Every structure is written in structure tokens, then in C-alpha cells.
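[1] heads up, no residue letters with this:
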């Protein structure tokens, strides 16, 4: 039943749709349009599937470069077959990725190129593309436990005006809402580079529950010969899982930080590919649809 699996072509189109909006850095029209795009796509799924909730927004004002810009997280809950609402024991999993584009291309040598926002095909577009396709696939076969999809804003404001990275996920953590309570977190970041290899991310291995989940995902990816799960380097990375870890919550990050076009103007679709996005997306589908292993 192909519709129940992760469709790489659909996910790739979601990436292209975001890039087509133009600059998506906070405070730009493309940034606003991107949040609107997610909300509309998720609302369309909710209208035809009983276990997909209505999308919601968390919005706040952020001081940035002498002005106030609006940042927005877009959230949706997908009901599981064995989740809390069904009286079961499966954990609620948040899968999150940032959609904002970085305002500056730090890894460019040319100061003119360095001062411009990045295109963000991979670093901002790939994780969210995977999440939109996860939502569609879950309308065919739901997850075991509830899944919250969080399209986080402001991750890539770090180091500009003294701001930290992961502003949007930090805002989520620091403004708890009973409607969005979760048990564990999977952050996605830069999963779409051509020939991407996911890092063995050190922060993801410190909490025992997070470590078990990280190993389970990598084991599944390797058992099924999905190339993104092989030969990634060991790195310690701060992304949208960071604020959750600081709050004592089990959180992991699936990321290819060794993406050669990271924070450059070359972060474009032609250096990305649908295959690594599908490697990650299909593995997540399988793990999140399974009953939890006995511990």
C-alpha cells in the first residue's frame, strides 16, 4: 500500500514549495508565507482525517536588529492508536524542525554574500518537508502514540544580536501548554543534502531514554540499508533539541552537520536530494507506528 509509506516525491515538492517563497528569514514576507503554507497544508489534512487535529500557532514578538519581528511556531497533534487519549501507554513524541532561514551566510568569504540571508533549501527546508509528508502518511496509518509535529521558528538566529540558537523551541519549552505536553523529542535538521550522512550526535546520547531511541532509529536505518544512517561522523551539536535537554527532557537530533553548503548561498535544491529525506522519513514512520519495545 504505497500511500501508507513515506513518499519521497511529495516531500521533495514540499522542499521546493518553501524555496519558491523566496527569502524566509524572520521579518520577511517569505517567512510569513511559509508559516501560512504549513498551516494550510495541515488544515487540509485535518479536514479529511479524524485523528489529525487542527493546526495551532504560538506567536510572540522578538527584538531583532533594532526592530520587533514576529516569530511563530506552527503545531499539530496526530492522535495515536495507543496514545493517552486511547487509554494506552505509548509515549507522545514531538518531531520538530525549524523553518526559518538564517539572516547571514557565515561561511561565505565574500562579505556581500555573507551579509545576505541563505536560500535554506536544506537548512530550514528539508526537515519541515519531511514532517509535512509524515503528516500525510499518518492520515493513512496512524502512529502508535500521539505525535506532535512542531514547525519551529528562530532556530537560526543564533549568534546574531547576541541571540541564542533554537529560539522557537526554547519559547515552546519556557511557555508550557497542557495541550502540547510531550514525552520525548526528535529534532530534524539538515537531513536533505545530497549523500547526507547523519551524525552520531553526542548530546542525543546522554539521557538513557533518548539514547535508546537514537540507537533504535539508527539500527532500523542500517538494517534496512538506508544510506543516510551510515558513516556519519561523531559530533556534538546544539539544535532544536537543546532547550529540551536543558529542561531535563529526553531529546535527540537527526542532523548532517557536515553538509558542505551549510550557511552559504549554495544551500539550494540542486545540492539536495529526496533520497536522504525519505531515508529519515520512512524510518520515523516505522518506529513511530510500532508498539514500544519492552524495557
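    On my side now, so go ahead. Here the structure is a predicted model, which means the values were calculated and not measured. Numbers count the residues shown, from 1 in each chain.

[2] report the secondary structure state of the closest residue to residue 204 other than its chain neighbours.
    Using C-beta to C-beta, 6 or more residues apart in numbering and skipping residues adjacent in sequence, the residue nearest residue 204 is residue 252, 3.7 Å away. Quick note: C-beta positions are derived from backbone N, CA and C, even for glycine. Following DSSP: H, G, I helix; E, B strand; the rest coil, the label given to residue 252 is strand.

[3] okay, and the beta partners of residue 252?
    residue 186 (DSSP bridges).

[4] now tell me what touches the lengthiest strand in the chain from outside.
    Ranked by residue count under DSSP state E, the longest strand found in the chain is strand 67-78. The contact list for strand 67-78 (C-beta atoms under 8 Å, 6 or more residues apart in numbering) reads 26-27, 32, 35, 38-39, 42, 46, 51-62, 100, 135, 138, 142-143, 146-154, 167-168, 171-172, 179-180.

[5] now list the buried members of these.
    Neighbour counting by 16 or more other C-beta atoms under 10 Å classes 26-27, 35, 38-39, 42, 46, 51-53, 55, 58, 60, 62, 100, 135, 138, 142-143, 146-154, 167-168, 171-172, 180 among the contacts of strand 67-78 as buried.

[6] so which of those residues are in strands?
    Those of the buried ones among the contacts of strand 67-78 lying in strands (DSSP E): 58, 60, 62, 147-152.

[7] the residues you listed: which two are farthest apart?
    The most widely separated members of these, counting by C-beta to C-beta, are 62 and 147 (27.4 Å).

[8] any stretches of the stretch 1-150 of the chain with poor pLDDT?
    Confidence mapping of the stretch 1-150 of the chain against pLDDT under 70 gives the ranges 1-3, 83-88.

[9] could you redo the last one with a cut-off of 50?
    1, 85-87 (pLDDT under 50).

[10] returning to what we had before: so which bits of the longest strand of the chain are buried?
    Residues of strand 67-78 classed as buried by neighbour count (16+ other C-beta under 10 Å): 69, 71-78.

[11] any idea which residue sits dead centre in the chain?
    residue 97 (2.0 Å; C-alpha atoms, centre = their mean).

[12] spit out the contact partners of it.
    Contacts of residue 97 by C-beta under 8 Å, 6+ apart are 126-128, 130-131, 150-152, 187-189, 240.

[13] which one among those gets closest to residue 207?
    residue 187 (13.5 Å).

[14] what's the neighbour count on the closest one?
    Around residue 187 there are 30 other residues, counting by other C-beta atoms under 10 Å.

[15] can I assume it is in contact with residue 253?
    Yes - applying C-beta atoms under 8 Å as the test, residue 187 and residue 253 come out as touching, 4.4 Å apart.

[16] now for the two: what residues contact both?
    Counting by C-beta under 8 Å, 6+ apart, the residues touching both residue 187 and residue 253 are 239-241.

[17] can you lay out these as a markdown table showing neighbour count, secondary structure and pLDDT?
    Listed next are the shared contacts of residue 187 and residue 253 as a markdown table, based on neighbours: other C-beta atoms under 10 Å; DSSP: H, G, I helix; E, B strand; the rest coil; pLDDT from 0 to 100:
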| residue | neighbour count | secondary structure | pLDDT |
| --- | --- | --- | --- |
| 239 | 29 | coil | 98 |
| 240 | 31 | coil | 98 |
| 241 | 29 | coil | 98 |
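
[18] okay if I get the residues you listed as a markdown table plus distance to residue 274?
    Shown next, in a markdown table, are the shared contacts of residue 187 and residue 253 (distance: C-beta to C-beta, whole Å):
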| residue | distance to residue 274 |
| --- | --- |
| 239 | 22 |
| 240 | 22 |
| 241 | 24 |
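
[19] give the buried residues for the lengthiest helix in the chain.
    Under DSSP state H, the helix in the chain containing the largest number of residues is helix 29-48. Buried residues in helix 29-48, counted by 16+ other C-beta under 10 Å: 30-31, 34-35, 37-39, 41-42, 45-46.

[20] what's the answer for stretch 244-260, then?
    244-245, 249-257, 259.

[21] now do stretch 174-188
    180, 182, 184-188.

[22] return the member of those nearest to residue 89.
    Of the buried residues of stretch 174-188, the one sitting nearest to residue 89 (C-beta to C-beta) turns out to be residue 184, at 13.5 Å.
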